[in-house]
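>>> No letters, just coordinates:
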Ligand code: ATR
């Protein structure tokens with residue numbers, strides 16, 4: 001039987017991606033067998049990206065996920081780019097629409113859905129937000145918060161200039177601020193005043209450069225706040241442990257990962273993405289107890 005949905009992920013390296021486990025679980029839950037659904041990993045070196053995309057364009061695959069280091073470079077090889085991907089400057093999902101290849105960024109949706117559905121923060125208006133980090137993930141999170149109408153957004157990054165550039169691209173103006181990692185009075189006040197605090201840096205990530213690290217000012221987190229860490233390995237990061245001990249509400253990064261994948265799955269197949277079943281499958285894959 002001919003496959004109905006032929007999908008994959010491109011990156012370099014690609015070994016650690018959880019996407020194959022997520023999409024296989026979603027396909028199984030929809031009753032799709034191996035002859036009807038496939039999701040492969042493609043390790044594509046930067047120099048080979050254009051050739052890979054030419055073959056993809058001429059072939060019959062349904063769509064692709066895109067991960068590091070191709071999220072920016074792939075954009076010029078597509079026909080259309082959606083609004084969020086354009087604003088962030090990165091694509092993580094490609095959908096074939098007839099003869100056209102369209103690039104999307106589902107991280108924005110994934111983040112917003114995770115805080116709404118898994119942490120109960122459905123209305124962002126009048127909310128004060130603080131984002132640690134100013135890389136690709138931070139831009140997606142910040143775009144979601146701005147789209148949702150937050151009252152203020154502080155970007156706090158080890159390299160303050162990068163935070164400033166990110167704020168300028170978000171539109172700047174009243175309500176936006178950029179800070180470095182010095183634990184100044186102003187940073188402490190921003191932490192204490194925030195309704196939602198999100199870590200997008202790799203601090204606290206297992207196997208990263210600072211697995212025990214927490215961002216500056218985290219000692220001032222208090223109850224009544226929502227603290228999100230988009231790092232999901234470990235699920236309970238040092239920041240989330242600190243936040244929970246202070247009485248704050250916490251949300252791990254696996255839900256954002258799952259919801260961004262769910263949005264891509266639904267765009268490719270039109271089928272339902274069973275997020276709770278997928279999370280259980282991913283946790284089994286991660287051997288999380
Ligand atoms: P991603 O796509 O995951 O956002 P990225 O674009 O490489 O990855 O961005 C990484 C972010 O994590 C940056 O904000 C980086 O800070 P700098 O701009 O100062 O480099 C931050 N980061 C990475 N390692 C860090 C560490 N050990 N301590 C603090 N911040 C770190």
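On my side now, so go ahead. Bear in mind the structure is a predicted one, so any value in this text is a computation, not a measurement.
>>> for residue 43, what are its contacts?
Contact analysis of residue 43 by C-beta atoms under 8 Å, 6 or more residues apart in numbering lists 11, 12, 13, 14, 15. All C-beta atoms are positioned from the backbone trio N, CA, C, and that covers glycine.
>>> One more: residue 25?
Residue 25 sits in contact with 274, 277, 278, 280, 281, 282, where contact means C-beta under 8 Å, 6+ apart.
>>> do the same with residue 209
residue 202.
>>> Over to it: give its phi and psi.
Residue 209 adopts backbone torsions of phi -80, psi -20, taken as degrees, to the nearest 10.
>>> and what of residue 69?
According to degrees, to the nearest 10, residue 69 has phi -100, psi 30.
>>> hang on, it packs against residue 12?
Yes: if you go by C-beta atoms under 8 Å, residue 69 and residue 12 touch, sitting 6.2 Å apart.
>>> between those two, what contacts are shared?
Joint contacts of residue 69 and residue 12 (C-beta under 8 Å, 6+ apart) are residue 46.
>>> Which residues are in contact with the residue in the chain that the ligand sits nearest to?
Distances between the chain and the ligand by C-beta to the nearest ligand atom are smallest at residue 135, namely 2.0 Å. By C-beta under 8 Å, 6+ apart, the residues touching residue 135 are 162, 200, 201.
>>> export the residues you listed to JSON lines and tack on neighbour count, secondary structure and pLDDT?
Below are these laid out as JSON lines (neighbours: other C-beta atoms under 10 Å; DSSP: H, G, I helix; E, B strand; the rest coil; pLDDT from 0 to 100):
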{"residue": "162", "neighbour count": "17", "secondary structure": "helix", "pLDDT": "97"}
{"residue": "200", "neighbour count": "27", "secondary structure": "coil", "pLDDT": "97"}
{"residue": "201", "neighbour count": "26", "secondary structure": "coil", "pLDDT": "97"}
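>>> Any chance of the residues you listed in CSV with distance to the ligand as columns?
Shown next, in CSV, are those (distance: C-beta to the nearest ligand atom, whole Å):
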residue, distance to the ligand
162, 4
200, 5
201, 4
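>>> Around the ligand, pick out the residues from the stretch 151-289 of the chain.
157, 158, 159, 162, 200, 201, 202, 203, 209, 210 (C-beta under 6 Å from any ligand atom).
>>> what helix or strand does residue 123 sit in?
Using DSSP states H and E, residue 123 falls within no helix or strand.
>>> quick one, what contacts it?
Contacts of residue 123 (C-beta under 8 Å, 6+ apart): residue 148.
>>> So for this protein, which residue is the most central one in space?
Centroid-nearest residue in the chain, with C-alpha atoms, centre = their mean: residue 107, separated by 4.0 Å.
>>> which one is that residue nearest to, not counting chain neighbours?
Take residue 107 and drop its neighbours on the chain: the residue closest to it by C-beta to C-beta, 6 or more residues apart in numbering is residue 140, 3.7 Å away.
>>> Is there a neighbour count for the one you found? I'd like the number.
Counted with other C-beta atoms under 10 Å, the neighbours of residue 140 add up to 28.
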